[in-house]
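Engineer: One predicted model, sequence on top.
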Amino acid sequence: NCRQEYYCDFTRGRSGLVYGGELNRARLDNRITYVPYEDGHLVHTAMDLGWNDEFCLIWFQVIGQTVRVIDCYSNRMKDLAHYAQVIHSKGFTYGTHFAPHDTRQHSLQTGITREDKLYDLGVPVEILPMKRIIDRLEDAKSLFAKVWIDEKKCESLLKSLDNYHREWNET
């Protein structure tokens, strides 16, 4: 942090940043840039469910050894029908829609799962296995070297990744 404060080196981030090193490397490698949709390749989605906190959707293509994040969308306090409509509005030819393990939770109001609701809305999902947070973070970090991210369409995603940090514990 000394370099940041005294030498105006803003590549040095806050302590505890989870993806700071990976994002800096991606920027140095020019992997955060314009990333166009490649016709002829399936588009996949990954979602992180949220109500009070953000519900996040990303659109990506796997081409060769690269993962190309071509778009993202996030919002709060919207129902699943809203997100299904956003997915359908893109007009992509889809491969897999990935969803977290809690998509299998049942609604107390209806008794159906979020997985079933998404299926009814035309978004069949593949449920990712439940993992400890540290394992999920390490999986994401190991994948980062293959990831290209569209700088404009994924501005909110980049901002979130830039700010994602661990709380410092003095003990």
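Structural biologist: Thanks, I have it. Since we're looking at a predicted model, the values are computed, not measured. Residues are numbered from 1 along each chain as shown.

Engineer: Now do the phi/psi pair for Y73.
Structural biologist: Backbone torsions of Y73, given as degrees, to the nearest 10, read phi -150, psi 140.

Engineer: give me phi/psi at the closest residue to it other than its chain neighbours?
Structural biologist: Closest residue to Y73 apart from its sequence neighbours, by Cβ to Cβ, 6 or more residues apart in numbering: L57 at 4.8 Å. Where C-beta positions appear, they are placed from N, C-alpha and C, glycine not excepted. Backbone torsions for L57, taken as degrees, to the nearest 10, come to phi -120, psi 140.

Engineer: burial of L57, as a residue count?
Structural biologist: By other Cβ atoms under 10 Å, the residues close to L57 number 20.

Engineer: which residues pair with it across the strands?
Structural biologist: In this entry, L57 is beta-bridged to M47, Y73, by DSSP bridges.

Engineer: Looks like it contacts C72 (just checking).
Structural biologist: Yes - here L57 reaches C72: they are 6.5 Å apart, a contact under Cβ atoms under 8 Å.

Engineer: Not counting sequence-adjacent ones, nearest residue to the residue nearest the centre of the chain?
Structural biologist: The centroid of the chain falls nearest to I58 when counting by Cα atoms, centre = their mean (5.2 Å). Nearest residue to I58, sequence neighbours excluded (Cβ to Cβ, 6+ apart): C72, at 4.6 Å.

Engineer: What of H82?
Structural biologist: N75 (7.3 Å).

Engineer: Quick check: the gap between the residue nearest to Y73 and A46.
Structural biologist: To A46, L57 is 7 Å away according to Cβ to Cβ, to the nearest Å.
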